[in-house]
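Novice: what follows is a predicted protein model with its sequence.
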Amino acid sequence: QVQLVESGGGLVQAGGSLRLSCAASGRTSSSYSMGWFRQAPGKERDFVAAISWNGGSTYYADSVNGRFTISRDNAKNTVYLQMNSLKPEDTAVYYCTARTWGIGVVVSPHEYDVWGQGTQVTVSS
């Protein structure tokens, strides 16, 4: 079993930056892809970014492309989401997720099988 724990969320003003971390524990492995999703109140869980098992491939939602950067440190079993130029519409609970049965970059939440508990990001205007 793999467990994921997110950290780094908080309150920031528009235009500011935050870095989210996702630490994996348990039966960790570098041989699976990871992703970040977010969910605002009353809305569905939306794809944000994904990264392949070795970090060689990344993919971003159009809404965050150019502002957010996903990265991973397999030696530390940690995935990061650097968020710059934050906007009020980025306010949401951010979830880290792992696709333990595959290594490719995917955007559907149904392709991921392990989820963290989420961390709140609030961007004030």
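Specialist: Looks like it came in fine. Numbers count the residues shown, from 1 in each chain.
Novice: for Thr28, grab the count of nearby residues.
Specialist: 17 (other Cβ atoms under 10 Å). Every residue, glycine included, has its C-beta placed from N, CA and C.
Novice: ok, now Ser52?
Specialist: 19.
Novice: try Arg27
Specialist: By other Cβ under 10 Å, 9 other residues sit near Arg27.
Novice: what pLDDT is listed against it?
Specialist: Note on Arg27: pLDDT of 77.
Novice: and the residue nearest to the spatial centre of the chain, how far is that from Leu86?
Specialist: Taking Cα atoms, centre = their mean, the centroid of the chain lies closest to Trp36, which sits 2.3 Å from it. According to Cβ to Cβ, to the nearest Å, Trp36 and Leu86 sit 14 Å apart.
Novice: Thr58 too?
Specialist: When Thr58 is compared with Leu86 (using Cβ to Cβ), they lie 19 Å apart.
Novice: more neighbours, those two?
Specialist: Leu86 (22 against 15).
Novice: residues contacting that one?
Specialist: Val12, Ala14, Gly15, Gly16, Ser17, Leu18, Arg67, Val121, Val123 (Cβ atoms under 8 Å, 6 or more residues apart in numbering).
Novice: check the secondary structure at the last one for me.
Specialist: In this case it means Val123. Three-state call for Val123 (DSSP: H, G, I helix; E, B strand; the rest coil): strand.
Novice: tally of neighbours for it?
Specialist: Residues near Val123, counting by other Cβ under 10 Å: 20.
Novice: now Tyr112: closest residue in space that isn't a chain neighbour?
Specialist: Thr97 (4.0 Å; Cβ to Cβ, 6 or more residues apart in numbering).
Novice: what's the neighbour count on the one you found?
Specialist: A total of 24 residues lie near Thr97 under the criterion other Cβ under 10 Å.
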